[in-house]
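>>> 3D model of this:
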Amino acid sequence: MSSPSDGGHQAGGAGSSGRRNWLRASLFGLCIVLILQPIDGDGVWWDAARGRAIVAGAVAPSAAIQAGDPCGEADWLGGLLWYLLIAAGGPTALMLVRMVGVWCVLAWCQRLCRRCEDRVSSIAGTAAALVATSPGLDPTSLWWDVAGGCAIIAWHAAHRDAGTSLGRRREIGSFLVAVAWANLGPRSLLALAVPGVAGGQRALVLAGLCLTPRGPLGLLDSAWMLVPPLEVVLREGGDPGILAGHAIGGPAPCAIQFAAWVVLGSVALLRCAYSKPGAMPVLPWIVLHSLLVANPSSLPALTPFAWWLAVGDIRPSTPTLCPTGLRGLGPPAPVGVRGAISRRHAAYGLATIVAAVSLCAATGPWWAVPWRLGWGLSARLEYRQLVEPLTQCGPGGTAFAFDERTAGMLAWSQPDGPRPWLVPRRALIAGRFVAEATRLAELRAGWDMRQPALDGSPGGWWVPLMSRGTRLILIAATDTAAIRGLEPGIFKPMVIDAPVVPFARAGDPASSPAILRGIADRILVEDGEWAFAPPQPAWTDWTLDLCGLCTGRPDPRPLLRQADVLLAMRLPRAALKILLPMTQAGLADGTSRLIDATEQIAETERLTLGAPSIFRAGVLERLRARPDPESDLARALAAIHGDIRRGSHDRTMIAVDEYLARGPLVARESLARDEGDASWSIAMLELEAGRPVAARTTLETLSTDSDRTLAAAAVDMLDRMTTSEQPR
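Prediction:
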């Protein structure tokens, strides 16, 4: 007799066994790759600081480590385990938590699939669930939401057919899971979303969710976390569009996570089409999609429920039914044979797809997969460069850090220093999200005391921040708009090469030494004897770049992030020192950043020399730059580009090609040293190569040039270089 599990034919036993083994092997490989992902959760240090506050005796840990938080906290125990693990084993202990999380999700899926006779659907759904939940398995508050969803679904599935004698046990177990989830994770309201939970069990779950220090208000807090637009509109009367760009309590999902969600939805639709009528509830899917649209960062927490709807309760209605919809229509016997062939092909195809996803996740980052094989903490979580300057700031005052990662680094590294104000999720619960997000928008726009705030009040962001004693502003290195907006103001950066850039108020005696060191570093990297060499993958005490060690290619993201910071600080030569070697080595496509840096230099030359140098104009021509046609720079470049296309500057264009292919030192040899414009470009190339002494020699010659504009620019540059050469 044939069985539905092997495709409905007797001769398929060996093939079915090989097919299943290949599927299991590909799934096992995916798990290994997902385990070996560096921890990258924004809330790692924030939750660890909350756990340390719990050990110190705080019942509302967020209020203990930040200022301006008037609310209690339902998920007050969420950071305790992470603090204890960091104290005991550091990053290695946190990676073990990730390992346990991946294997537990796999075991959970396999256990609930025991009655599923369609191996293709169950393996596809399990692989999709692992990919979608992977960012939620970092040791942050989101980990508890994933664990809580899996736990309450598993308990319900184990006791859904329980009779009267076991019914009470099912309800009490659901109650205990709800109590634990409410005190550990911020999205505990999802406990009410398990399909089939009703009556007394739902009432007990609801009661359990109220047993937190926040009481019934914890339900409202969880609702705001799940549906932030409702809080913004109903409580604050704001535009929900202000939520864009803010990850509320979790990472922004990547393309491959959304693809995994589409897989779950497809399996569910096929299940609905080929199973008994009403097998898949439509309303829960509508609710899950609504929650995902309202807060995409909740995707890992929603995945267990999506998986349960898609795969967890598959029961074929007839022996010849294939819930994946791979079987053709026709008489029962031919359907069975064609279904076996189709299923075998589908199984091998699925295994190939899972293997391809694993390879992408191991060798990234890619556009759709921003992951990369490694161990420990990602470079985005490295805070040790901030410790010394932040320690000098001393205690007292507050800090503006409207980002969980930046606020967490400050709270963890300096528990007695300036306290961060409100992080996004706490601002949402306190009903102050719009106000804090508006302050950040004003920072990005550069609206300090000279402009009114967005709400029309005077003083821009300056007045509200100074009224609460703000001494520090911490900006993520990826938020270049905010860095650019702060650059001309009174707050100055203390560190320029960290994942978070701390700005301190000029004139603050405690912060002045660190600000001066930051200024000296800026001069050094722009005009001093500093040259960049692409780093080699290495094993440090915090991280191991497994992908880099295997391929010899370092992770380009920290380097690109550093170049973006330098460009935002108007240090284009320093940015070129990083971008040009990276582009030449093929580590990343830095064309857009090269254009930005070159345009900054060309604009400076236009202001000091009257027109961009022919060399920089040639670089922009080769890079196919298109400045704003209404800008003065575009008009100045138009005439030079016309001459270049007519062949008037062929020797300079040879130097441009050498520059883009082999670097500044090679390019300078192709320029005519007896021409004023070319001599200026040679001096700038010497600075870009980190050779200020050679540049000074060329500039000294130019300072006596007959062209007064060129001579004045050379004198100004010499004065600037003299400042950079003074003892630090």
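>>> any idea where the helices of the stretch 301-450 of the chain begin and end?
According to DSSP state H, counting those that start in this stretch, the stretch 301-450 of the chain carries its helices in the segments 332-363, 384-393, 404-413, 424-430, 433-445.
>>> and among the ones you listed, the most buried is which?
Scoring these by mean neighbour count under mean count of other C-beta atoms under 10 Å gives helix 404-413 as the most buried, with a mean of 26. Any C-beta I mention is one placed from the backbone N, CA and C, and that applies to glycine too.
>>> can you give me the mean pLDDT across that one?
Along helix 404-413, the predicted confidence averages to a pLDDT of 95.
>>> isn't residue 243 right next to residue 231, touching?
No - Residue 243 sits out of contact with residue 231 when judged by C-beta atoms under 8 Å, with a separation of 9.5 Å.
>>> list residues touching both of those two?
Here residue 243 and residue 231 share the contacting residues residue 433, scored by C-beta atoms under 8 Å, 6 or more residues apart in numbering.
>>> okay, these two: which has more neighbours?
Under the neighbour definition other C-beta atoms under 10 Å, residue 243 and residue 231 were set side by side, and residue 231 has more, 25 against 22.
>>> hang on, that one in a helix?
Yes - note on residue 231: a helix contains this position according to DSSP: H, G, I helix; E, B strand; the rest coil.
>>> In contact with it, which residues are there?
If a contact means C-beta under 8 Å, 6+ apart, then residue 231 has 224, 428, 431, 433 as its contacts.
>>> which residue packs closest to the last one, ignoring adjacent ones?
Take residue 433 and drop its neighbours on the chain: the residue closest to it by C-beta to C-beta, 6 or more residues apart in numbering is residue 427, 4.4 Å away.
>>> Can you tell me how far that neighbour is from residue 243?
Per C-beta to C-beta, to the nearest Å, residue 427 is found 11 Å from residue 243.
>>> joint contacts of these two?
Common neighbours of residue 427 and residue 243 are listed as 433, 437 (criterion: C-beta under 8 Å, 6+ apart).
>>> For stretch 75-85, which outside residues touch it?
With contact meaning C-beta under 8 Å, 6+ apart, stretch 75-85 is reached by 44, 46-55, 59-61, 93-94, 96-97, 139-141, 144, 182-186, 188, 212-213, 218.
>>> tally of neighbours for residue 628?
A total of 9 residues lie near residue 628 under the criterion other C-beta under 10 Å.
>>> nope, residue 541 is what I was after
A count of neighbours around residue 541, defined by other C-beta under 10 Å, yields 9.
>>> same thing with the one 4 residues further on?
In terms of burial, residue 545 registers 25 neighbours under the definition other C-beta under 10 Å.
>>> correct me, but it touches residue 537?
Yes - here residue 545 reaches residue 537: they are 4.3 Å apart, a contact under C-beta under 8 Å.
>>> Per the annotation, how does the protein divide into domains?
For the chain, the domain assignment from automatic domain parsing gives the residue ranges 74-212+250-363, 379-527, 556-725.
>>> Where among the ones you listed is average confidence lowest?
The stretch with the lowest mean pLDDT among these is domain 74-212+250-363, at a mean of 80.
>>> quick one: that one to chain centroid distance?
In terms of C-alpha atoms, centre = their mean, to the nearest Å, the centre of domain 74-212+250-363 is set 23 Å apart from its chain centre.
>>> Ok, stretch 652-671 next?
For stretch 652-671, the gap between its own C-alpha mean and the chain's C-alpha mean amounts to 37 Å (C-alpha atoms, centre = their mean).
>>> just to revisit the earlier point, can you redo the helices of the stretch 301-450 of the chain as a markdown table with distance to residue 554?
Rendered in a markdown table, the data for the helices of the stretch 301-450 of the chain read as follows (distance: least, C-beta to C-beta, whole Å):
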| stretch | distance to residue 554 |
| --- | --- |
| helix 332-363 | 13 |
| helix 384-393 | 18 |
| helix 404-413 | 22 |
| helix 424-430 | 31 |
| helix 433-445 | 30 |
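>>> Out of these, flag the one nearest residue 690.
Distances from residue 690 to each of the helices of the stretch 301-450 of the chain were compared using C-beta to C-beta; the minimum, 21.5 Å, belongs to helix 384-393.
>>> hmm, back to that, shared neighbours of residue 545 and residue 537, which are they?
Residues touching both residue 545 and residue 537 by C-beta under 8 Å, 6+ apart: 554, 555.
>>> for the strand or helix carrying residue 168, packing partners?
Using DSSP states H and E, residue 168 maps to helix 164-184. Helix 164-184 makes packing contacts with helix 141-158, helix 200-209 when contacts are defined by 3 or more C-beta pairs under 8 Å, 6 or more residues apart in numbering; DSSP states H and E.
>>> Most tightly packed of those?
For these, the stretch with the most neighbours on average is helix 141-158, a mean of 24; neighbours defined as mean count of other C-beta under 10 Å.
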